[in-house]
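In: Output the structure for:
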Amino acid sequence: MKRLNEQAVRAVPEPEFTRSWHPMSHGKVIDALELAVNKTGMEIADKTYSMNGSGMNMFGTWTLDHETNGFRWMIGLRNSMCKSFAIGIAAGDYVTVCSNMMFSGEFIEFRRHTSGVDLEELRLLSDRAVKGVFKKLEDLTMWHDNLKGYSLTDGEFKLLTFDAMKSGAVAPAKFKRFLECHEQEVAISDQSLYTFHGAGTRLIKDNSLFNISDYSKHLTGVCDDYMIRLAA
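Out: So this is what the prediction gives:
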């Protein structure tokens, strides 16, 4: 799926309503969420979108103007006009030094499109979801920065790489490319759980936006499991 600008996403027509099905166009969802973000006092610095072939499913990333310790906050948003999934947003961050992005993989879901959803309710749901995701953004940034405190030996890096391939975070066919990404990471920072994670996010950042969230979730799980084993 290629990256698209917002104009192309807004151009997808909204399906007709039924008694039990009230889809919201991508444009309406974007407007409601953008209004909710603006109410927090933050601005959206950059937007990127992907859609499936029919244009019914959309995933987008918004980079916000908030930066802490080299991390910029991001929001992932999704909408389906064909009942594939509920409207939702997810917390993410963007590493400014290397342009890597990651997402929590857990969406704060609005309820699925029903006959009771209208623009007023969509705005209320957007306000509530944005407030919820901001707390997740704070937690995610702290988690990401904390990875720097876990130095890795070459042996530990190899074991983590195996775990990443086993979990689906790194495809075996991308093993060589993953090692290249890790070399780029350790050129910036000492070898640690942070550089391992950074290699994974470098590897997946050129994928469809639909897939980045899932890969991020698998990669986060590998890192969490490692930290839990050390703490045991």
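In: in this protein, which spans are strands?
Out: Counting by DSSP state E, the chain has strands at residues 3-4, 44-51, 57-68, 71-80, 88-95, 100-103, 108-109.
In: Can I get those in JSON lines including mean pLDDT?
Out: Formatted as JSON lines, the strands of the chain follow (pLDDT from 0 to 100):
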{"stretch": "strand 3-4", "mean pLDDT": "81"}
{"stretch": "strand 44-51", "mean pLDDT": "92"}
{"stretch": "strand 57-68", "mean pLDDT": "88"}
{"stretch": "strand 71-80", "mean pLDDT": "87"}
{"stretch": "strand 88-95", "mean pLDDT": "79"}
{"stretch": "strand 100-103", "mean pLDDT": "67"}
{"stretch": "strand 108-109", "mean pLDDT": "70"}
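In: how about a markdown table for the ones you listed, with distance to residue 21 and mean neighbour count added?
Out: All C-beta spots, glycine's among them, are computed from the backbone N, C-alpha and C. Compiled in a markdown table, these are given as follows (distance: least, Cβ to Cβ, whole Å; neighbours: other Cβ atoms under 10 Å):
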| stretch | distance to residue 21 | mean neighbour count |
| --- | --- | --- |
| strand 3-4 | 25 | 16 |
| strand 44-51 | 20 | 18 |
| strand 57-68 | 15 | 20 |
| strand 71-80 | 12 | 24 |
| strand 88-95 | 18 | 24 |
| strand 100-103 | 28 | 24 |
| strand 108-109 | 17 | 18 |
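In: Could you dump those strands into JSON lines with distance to residue 200 added?
Out: Listed next are those as JSON lines, based on distance: least, Cβ to Cβ, whole Å:
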{"stretch": "strand 3-4", "distance to residue 200": "20"}
{"stretch": "strand 44-51", "distance to residue 200": "19"}
{"stretch": "strand 57-68", "distance to residue 200": "17"}
{"stretch": "strand 71-80", "distance to residue 200": "16"}
{"stretch": "strand 88-95", "distance to residue 200": "12"}
{"stretch": "strand 100-103", "distance to residue 200": "8"}
{"stretch": "strand 108-109", "distance to residue 200": "24"}
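In: just so I know, which of these lies nearest residue 158?
Out: With distances scored as Cβ to Cβ, the stretch of the strands of the chain nearest to residue 158 is strand 100-103 (21.6 Å).
In: Quick one: end-to-end length of stretch 144-153, please.
Out: Stretch 144-153 has an end-to-end distance of 19 Å (Cα to Cα, to the nearest Å).
In: Return the distance of that stretch from the chain's centre.
Out: Taking Cα atoms, centre = their mean, to the nearest Å, the mean C-alpha location of stretch 144-153 is offset from the chain mean by 21 Å.
In: What are the buried residues along it?
Out: 144, 147, 150, 152 (16 or more other Cβ atoms under 10 Å).
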